[in-house]
Structures are given as structure tokens and as C-alpha cells.
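Peer 1: Sequence and predicted structure, then a few things I'm wondering about:
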Amino acid sequence: MANPAKFFEQIGRRTASGLDEMGYATVLFFEAIYWTLTGWRQRQPVRIAATFAAMVEIGVAALPIATLLAATIGLMLAIQSLYSLGIFGAEQYAFIGIALSVVREFSPMIMGILIAGRSGSAIAARLATMNINQEIDALQVMGINPNRFLVAPVLIALVVMMPCLAMWANIVSILAAGLYVSAELNQSFGAYLNDTLDVLKVDDVWHGLGKAGLFGIIIALVGVVNGSMVKGGAEGVGRVTTRSVVLSVTLIVVADMIFAYLTTR
Amino acid sequence: MATDLMSNGNRPSAEDIAARRKVIEVDRLDFAFGARQVLFDISLDVREGEIMVVMGGSGSGKTTLLRHLVGLMPPQPGKVKLLDKDMGALNRRQLLDLKRRIGVAFQFGALFSSLTVAENVKLPLRELTDLEERTMDIMANMKLEVCNLSGFGHLMPADLSGGMMKRASIARAIVMDPKLVFLDEPSSGLDPAVSSALDDLILKLRDAMDISVVVVSHDIESAFKIADRITILDKGRILISDRVDAVRNSPNERVQNLLHRRSEQIDVDPTEYLRRLAGD
Ligand SMILES: Nc1ncnc2c1ncn2[C@@H]1O[C@H](COP(=O)(O)OP(=O)(O)OP(=O)(O)O)[C@@H](O)[C@H]1O
Ligand SMILES: [Mg+2]
């Protein structure tokens, strides 16, 4: 870097804008909650139909790809566990590692990454386009709060659908892994499922689903914040869309790591 | 009586206008984007039932002024009063009540691309009133008809021509029967025939619905045709704000230059422009 002063100025500016974004995301989050709880009293309710449509779009429409991913992850974990445990001749314990990793780590994380790519980008692109077309301004001058009208339904949908998808991924992954493991070990599938259910505690499941809900919040807020920062026409839309995916995947992975650290100590 | 092309048949007289109540009052408004001051000491008023056209060169601050008038930008120093309400001093509820009584049509329509034209027009009714679906339909259709769009309600905004888009956004702006309507560049990008039809629509709205209209426009002919008064902005200051005849016959050289499109010198600061292009 030729000019160190400039370099530090850049860092300073990035940090400040990062803090700005976090501040904005926090405001958005609380505004969305505020409207969800009190909107109906001001005769500006968060629309159930819009929320429902977002749920279908984010959750139901993602089911095929979510199922495929979850099954693949389950198989991958099964293959890997049998291989590494085989070194010690401990293949019969594979179900423990599979069950815990799927439920605590893989399901929420993989669903988070999938939905960040699929829906987070769509949210950012939609909001960015609406911003550029002055549709957000139009809502504002009509007296329709954009946070109630656009943000709250998406946030609710993500917070509800992410845990649902993670739960679905739990089931699919464990079944897929079970098919592979029981075939490899010449064991009954029912015995595998029994062992799995024995080792899984309700806490583990909640841990995973809770994280999935948190990732849902991350995806929604990152998408909305990026969509609102758009500048410069169609190209700007592409830029903030990409940025929102990269940022939410990064935040999801980092948040996941922090969670894993805090909850296994 | 045939209205001749250069005048507004029902234009109220000066005394008549002066006697009416002020529906918009702007008092000593300044505004700056960061270090760049864009509006300087703007004071003006608009009377009930009046059509005020705001003109000025590119970058003179017209859109910025309009955004202040409709509450999209809070005044820094200065005051904006709409319908006797100081916008800076309203709480959330009062601001919402005020917004119900104004309508805005943006330069590029700002129709919601995922909704049909009819749903766009109905949106304020749906979100801000408790009317029944049938009533909303009737009201929306009425406004579409006023704007010569009956039969086009089922189209998506992407299927509309430029002129239809503007009219649809005007239909949406008037659906709540506002007292005040703001139009940003209604005739930009339209051919002369379409733009003249739009002028007629604006006059018709004022006469039929008794609303006050603020129009931002580049189009001098259209301004002469529809305006009761014209305000000309020059580099963020009011150059003149007066009745059409007074503006037309103003001895001020800058006014005449603007009116006759002489010295189309464009005020763009190149470094500023490049910075904005870079999205900074
Ligand atoms: N977001 C912004 N940030 C910084 N400067 C801005 C911004 N928006 C507008 N400006 C500057 O403010 C000045 C006034 O802009 P404004 O859009 O109000 O002009 P205008 O009269 O509407 O021009 P036009 O006829 O081109 O629409 C311009 O010099 C412009 O460069
Ligand atoms: Mg403008």
C-alpha cells in the first residue's frame, strides 16, 4: 500500500459503515417486531396472506433441493463415519456421531447456506429493485410503512421456515445415513433408528432448531439491509445481491462456530 | 369556448388566488447533501386549487424540493407546512393522517411491478382503509376511468406504455381523493401529443376534484399551459415565483435564458458526478 494513511482511512471507513449496517439491521429487527405486535392496533397489520406467501416461497418451494442436500449430507456423513471409525474397529458407534452432527451442526448450517443463496439473494434483489424504481418512496408517501409491509412478512417467514427446514433435514439426513450404515454393517434399519433416538436428547434438537431460527434472522436482515443500500441501477442490484449472499453465509458460519464453542464448553 | 393551446381556460385570477388559503407553505428551507448545499433559503406557498409548476435546469434542486414537500426528507433548517400542519412537528399518527390527504406520482411511475395496474391503484385503499372489496373496486375503476385507463386494470405495469404508466401512477396518487397532488416530471420521456393529453388530465383533475397540484417539469410549453404560477429554481435558489404572465414577461435575463433554452450550460461538477457514478 503506497499510502498508509489512506489505508487506515479505508479501514476506518469500512468499520464505520459496518457499524452503520449493524445499527440499521438492529433498528429493522425491532421495527419489524414492533409492527408485528402492534400493527393491527394501528389498523396497519402485518398481512397474514403476505407472510404466508413468503413462507411458501422460502420454505415449501425449497423442499426438493433441501431434501436432496440433506440426503447427500446424511450419506456423506455415513461414509465418512464408517471410514474413520473403521480405523479403530468402532463402526457400530457411527450413529452417535452422525446423529449429533446432523442435528446440532449440519442441518441448520446447510439449510442456512441454501436459504441464504436461494431466498436471501431474492430478498436483496427485490428490495434493491424496488428502491431503484422508487417503489419504497411510493410506499412511504402513501403512509404504508415499508418495514411492516415488506420486511416483517419476510422476517417472520424466515424465522418460522428455517427451523422447519432444519427439522426436515434432520429427518432426511438421518434416514439416508441409516440406510447406508445398516446396509454396510448388515444391521437392521430399525435398530439403527432406535440407537439414534436413544442418543439424541431433546436439547440437541432444540439447539439445532434455535440456530436455524437465528440464521433465518441473519438472512432476512442481511438481505434487507443490502437491498436498501443499493446504488446505481441494475448493476447495483447485482452487486448488493451477491454481497448479501456472501455476507449472510459468512455470518452464518461464524455464528455457528461461536455457538459450537459456547455450548460445548 | 375552445381553450387555446397556450393557456389554461379556468385559470383563476390573481385576486382570486391571493384570497385563498395556503395549502403548502415552505419557510426558509435549506438543504445539503453532506458538504454540498442543494437548496438555499427556499420560501414559497401554494394556494388551494392552484397549479404550481416548479421548473429549473438539471440539478437545480427540483426533485430535492419535491422530496421535502412530500416528507421524504426532513427539513434541516426551515419549515414545511402542508394543509396547516408543520411536518417537522407531527407524531407518527398525525403524519399518517396527513399522508392520506396527499398523493404523489413519481417520475418513473414507481408502480409495484408484482401487482396489476388495478391492484396498484387499490393498494392505498387496501392498506389504509377498511373498505369492502367491492367499494375498493368501484373507487379504483373510477380513478382509472378519469385517467383514461378503463379496461387496462388487469395489465401488469411492465405491459404499459410510458404515457399509460404516468397515468396509472396519477390514478394511484388520486385514489384516496387527496387535497394535494405532487407530480414529478409527468411529461418527461413522452411524445408531444401524449404529453399534451397529460396536461389536459392535470387540468381536468384540478377542475373536477378541486385539488392543488405541484408539478415538477422541464417542459416550458406544458408549464405555460397548465400553471397558475411558476417557480423557477436556479442552482438551489428561487429565481422567480410568480404568475405565468409575469414569468413570461420577466425582465430578468436568467429567466428569459431559461425560458428560451438559451445557454444550455449544464451545471455538473465533474468530480462530484464521478463520485456518484462510483456509488460513493
Ligand atoms: N443522493 C444525493 N447525494 C448527493 N448529491 C445529490 C443526491 N441527489 C441529488 N444530489 C445533487 O443535488 C442537486 C440537486 O439534485 P435534484 O435531483 O434535486 O435536481 P433536479 O433539479 O431534480 O435535476 P433533474 O432535472 O436532473 O432531475 C444536484 O446537483 C445533484 O447532484
Ligand atoms: Mg429531478
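Peer 2: Looks like it came in fine. Quick caveat: nothing in here was measured; it's all calculated off a predicted structure. Numbers count the residues shown, from 1 in each chain, chains lettered A, B, ... in the order given. Ligands and ions are numbered 1, 2, ... in the order given.
Peer 1: Can you give me the buried ones in stretch B:167-187?
Peer 2: B:167-176, B:178-187 (16 or more other Cβ atoms under 10 Å in any protein chain shown). C-beta coordinates here come from the backbone N, C-alpha and C atoms, glycine included.
Peer 1: quick one: low-confidence ranges for the chain?
Peer 2: By default, I'm working from chain A. For chain A, the stretches with pLDDT under 70 are A:1-2.
Peer 1: To clarify, I was referring to chain B.
Peer 2: Looking at chain B by pLDDT under 70, you get B:1-10, B:261-269, B:279-280.
Peer 1: From B:Arg229, how far out is A:Gly208?
Peer 2: 66 Å (Cβ to Cβ, to the nearest Å).
Peer 1: Mind checking which of the two has more residues around it?
Peer 2: Counted by other Cβ atoms under 10 Å in any protein chain shown, A:Gly208 and B:Arg229 do not tie: A:Gly208 has more neighbours, with 26 against 23.
Peer 1: Pairing partners for the helix or strand containing B:Leu44, with directions?
Peer 2: According to DSSP states H and E, B:Leu44 maps onto strand B:36-47. Strand B:36-47 pairs in its sheet with strand B:22-33 (antiparallel), by DSSP bridges.
Peer 1: now the partner strand, how far from the centre of its chain.
Peer 2: Its chain's C-alpha centre and that of strand B:22-33 lie 15 Å apart, by Cα atoms, centre = their mean, to the nearest Å.
Peer 1: Please apply the same query to stretch B:42-57.
Peer 2: 9 Å.
Peer 1: same deal with stretch A:64-78?
Peer 2: 17 Å.
Peer 1: Same check on stretch A:28-43?
Peer 2: 23 Å.
Peer 1: Under a three-state scheme, what state does B:Val53 occupy?
Peer 2: strand (DSSP: H, G, I helix; E, B strand; the rest coil).
Peer 1: Counting neighbours, what do you get for it?
Peer 2: With other Cβ under 10 Å as criterion, B:Val53 counts 26.
Peer 1: Go ahead and confirm it touches B:Ile220.
Peer 2: No - the pair B:Val53 and B:Ile220 does not pass the contact test of Cβ atoms under 8 Å, sitting 9.4 Å apart.
Peer 1: Now whichever strand or helix holds A:Ile73: buried residues?
Peer 2: Assigned by DSSP H and E, A:Ile73 belongs to helix A:63-86. Neighbour counts using 16+ other Cβ under 10 Å place A:66-67, A:69-71, A:73-75, A:77-78, A:81-82, A:85 of helix A:63-86 among the buried residues.
Peer 1: now, among the residues you listed, which is nearest to B:Asp199?
Peer 2: A:Ala66 (55.3 Å; Cβ to Cβ).
Peer 1: so the nearest residue to A:Val141 once chain neighbours are set aside, which of the three states?
Peer 2: Nearest residue to A:Val141 in three dimensions, chain neighbours excluded: B:Val104, at 4.5 Å (Cβ to Cβ, 6 or more residues apart in numbering or on different chains). Under the three-state scheme (three-state DSSP), B:Val104 adopts strand.
Peer 1: how deep is B:Val104 tucked in, by neighbour count?
Peer 2: 29.
Peer 1: Also the one 4 residues further on?
Peer 2: Around B:Phe108 sit 18 other residues, with neighbours defined as other Cβ under 10 Å.
Peer 1: could you pull out the helices for chain A?
Peer 2: Remark: helices assigned in chain A by DSSP state H are A:4-38, A:48-58, A:63-86, A:94-100, A:107-115, A:121-132, A:135-142, A:146, A:152-185, A:189-199, A:202-228, A:233-263.
Peer 1: most tightly surrounded among those helices?
Peer 2: Highest mean neighbour count of the helices of chain A: helix A:107-115, a mean of 26 (counted as mean count of other Cβ atoms under 10 Å in any protein chain shown).
Peer 1: which strands and helices sit next to that one?
Peer 2: Helices and strands touching helix A:107-115, by 3 or more Cβ pairs under 8 Å, 6 or more residues apart in numbering or on different chains; DSSP states H and E, are helix A:63-86, helix A:152-185, helix A:202-228, helix A:233-263.
Peer 1: Leaving out sequence neighbours, find the closest residue to A:Asn133.
Peer 2: B:Ala110 (5.7 Å).
Peer 1: how about that neighbour, what does it touch?
Peer 2: A:Asn133, A:Gln134, A:Glu135, A:Asp137, A:Ala138, B:Ser169 (Cβ atoms under 8 Å, 6 or more residues apart in numbering or on different chains).
Peer 1: Now with 10 Å, please.
Peer 2: B:Ala110 makes contact with A:130, A:133-139, A:141, B:104, B:120, B:157, B:165, B:169, B:172, B:184 under the criterion Cβ atoms under 10 Å, 6 or more residues apart in numbering or on different chains.
Peer 1: Helices along chain B, start to end?
Peer 2: B:14-19, B:62-69, B:92-100, B:117-128, B:133-146, B:162-173, B:192-209, B:220-226, B:244-248, B:253-259, B:270-277.
Peer 1: Out of those helices, the one nearest chain A is which?
Peer 2: helix B:92-100 (3.5 Å; Cβ to the nearest Cβ).
Peer 1: in that closest one, what counts as buried?
Peer 2: B:Leu96, B:Leu98, B:Lys99, B:Arg100.
Peer 1: Tell me the one of those nearest ligand 1?
Peer 2: If you rank those by distance to ligand 1 using Cβ to the nearest ligand atom, B:Lys99 comes first, at 21.2 Å.
Peer 1: What's the separation between the residue in the stretch 151-265 of chain A that ligand 1 sits nearest to and B:Leu98?
Peer 2: Of all residues in the stretch 151-265 of chain A, A:Lys231 sits closest to ligand 1, at 8.8 Å by Cβ to the nearest ligand atom. Look at A:Lys231 and B:Leu98: by Cβ to Cβ, they are 30 Å apart.
Peer 1: Enumerate the residues of the stretch 1-150 of chain B near chain A.
Peer 2: Taking Cβ under 10 Å from any Cβ of the partner chain as the contact definition, the stretch 1-150 of chain B meets chain A at B:67, B:70-72, B:92-93, B:95-114, B:120, B:123-124, B:126-130.
Peer 1: So in terms of bridging, what pairs with the residue nearest the centre of chain B?
Peer 2: Per Cα atoms, centre = their mean, the C-alpha nearest to the average position across chain B is that of B:Leu183, at 2.5 Å. Counting by DSSP bridges, B:Leu183 is bridged to B:Ala105, B:Val215.
Peer 1: before we move on, back to that, quick one, which of the helices of chain B gets closest to B:Gly49.
Peer 2: helix B:192-209 (6.6 Å).
Peer 1: could you give the angle of that closest one to helix B:162-173?
Peer 2: Orientation of helix B:192-209 against helix B:162-173 (axes from the mean of the first three to the mean of the last three Cα atoms, to 10 degrees) gives an angle of 20 degrees.
Peer 1: residue contacts, residue 259?
Peer 2: In the absence of a named chain, this looks at chain A. A:Phe259 neighbours (Cβ under 10 Å, 6+ apart): A:Arg104, A:Glu105, A:Pro108, A:His207, A:Gly208, A:Gly210, A:Lys211, A:Leu214.
Peer 1: my bad, chain B
Peer 2: B:Leu259 touches B:Met55, B:Ile220, B:Ala223, B:Phe224, B:Ile230, B:Ile232, B:Val247, B:Arg248, B:Ser250, B:Asn252, counting by Cβ under 10 Å, 6+ apart.
Peer 1: residues from chain A in reach of chain B?
Peer 2: Residues of chain A lying close to chain B by Cβ under 10 Å from any Cβ are A:42-45, A:47, A:126, A:129-130, A:132-145, A:148-149, A:229-233, A:235-236, A:239.
Peer 1: And stretch A:231-238, how far out from the chain middle?
Peer 2: 25 Å.
Peer 1: Quick check: beta-bridge partners of B:Leu233?
Peer 2: B:Gly56, B:Ile238.
Peer 1: That one: how many residues sit nearby?
Peer 2: For B:Leu233, using other Cβ under 10 Å, the count is 26.
Peer 1: That one and B:Gly103: what is the separation?
Peer 2: For B:Leu233 relative to B:Gly103 (Cβ to Cβ), the value is 22 Å.
Peer 1: go on, B:Lys179?
Peer 2: 9 Å.
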